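Q: Provided below are the primary sequence and the corresponding predicted coordinates.
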Amino acid sequence: MKQLLLTLGFVAISLFSLSQKLKKAEKQIVSNLQAHIGFLADDKLEGRRAGTEGEKKAMDYISGQFQKIGIQPKGTEGYFQPFEIYDGKTIDPATHLILNGHDLKAGKDFYPLAFSANGSVEAFPAISN
């Protein structure tokens, strides 16, 4: 038992003595990375989804940082190169839903699920008052 405690003590001391402190330059790198990640992960950027105001804020921030550190722009429009993106949510203009005689507007009053089928349904509610 005594030998086990001595061995564990030796291992613990060895581990702590091998740990290295960060140099000043490394601390600055870590601090900068934390600041950049903190900004880009902030709720103010609203998730940065394509086409949103949050994405535009992130885009401006990143391009500003590139400019600040001297990266030369290589895109067709400065740091940017536009491209088409398809997020799988194309709603046909003819899509509609009539519920209790009310004509609901797709994208405003309801959102069809992907791969929704065409058709009509008439039914009574499962629970009624």
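A: That came through, no problem.
Q: check which element follows the helix or strand of the chain with the lowest mean pLDDT along the chain.
A: Every helix and strand of the chain was ranked by mean pLDDT, DSSP states H and E. The lowest is helix 2-18, at a mean of 67. Note on helix 2-18: by DSSP states H and E, the next helix or strand toward the C-terminus is helix 24-40.
Q: distance between that next one and the chain's centre?
A: When C-alpha coordinates are averaged (CA atoms, centre = their mean, to the nearest Å), helix 24-40 and its chain have centres 19 Å apart.
Q: give the other helices and strands that that helix contacts.
A: Packing partners of helix 24-40 (3 or more CB pairs under 8 Å, 6 or more residues apart in numbering; DSSP states H and E): helix 53-68. C-beta coordinates here come from the backbone N, C-alpha and C atoms, glycine included.
Q: ok, and for whichever helix or strand comes after the helix it packs on, which residues are buried?
A: Counting by DSSP H and E, the next helix or strand C-terminal to helix 53-68 is strand 96-99. Buried residues in strand 96-99, counting neighbours by 16 or more other CB atoms under 10 Å, are absent.
Q: the following helix or strand past strand 96-99 pairs with which strands, parallel or anti?
A: Using DSSP H and E, the helix or strand that follows strand 96-99 in sequence is strand 102-105. Here strand 102-105 has these sheet partners by DSSP bridges: strand 96-99 (antiparallel).
Q: pLDDT of the partner strand, averaged?
A: Averaged over strand 96-99, pLDDT sits at 82.
Q: from the middle of its chain, how far away would that strand be?
A: Centroid displacement of strand 96-99 relative to its chain, using CA atoms, centre = their mean, is 33 Å.
Q: stretch 78-97: which residues count as buried?
A: 79, 95.
Q: what comes into contact with it?
A: Contacts with stretch 78-97, where a contact means CB atoms under 8 Å, 6 or more residues apart in numbering, come from 50-51, 59, 62-63, 66-67, 71, 73, 75-76, 103-107, 109-112, 114.
Q: apart from its chain neighbours, what residue comes closest to the spatially most central residue of the chain?
A: By CA atoms, centre = their mean, the chain has its centre lying nearest to residue 47, at 4.8 Å. In this structure, residue 47 finds its nearest non-sequential neighbour in residue 54, 5.9 Å apart by CB to CB, 6 or more residues apart in numbering.
Q: understood, closing this out.
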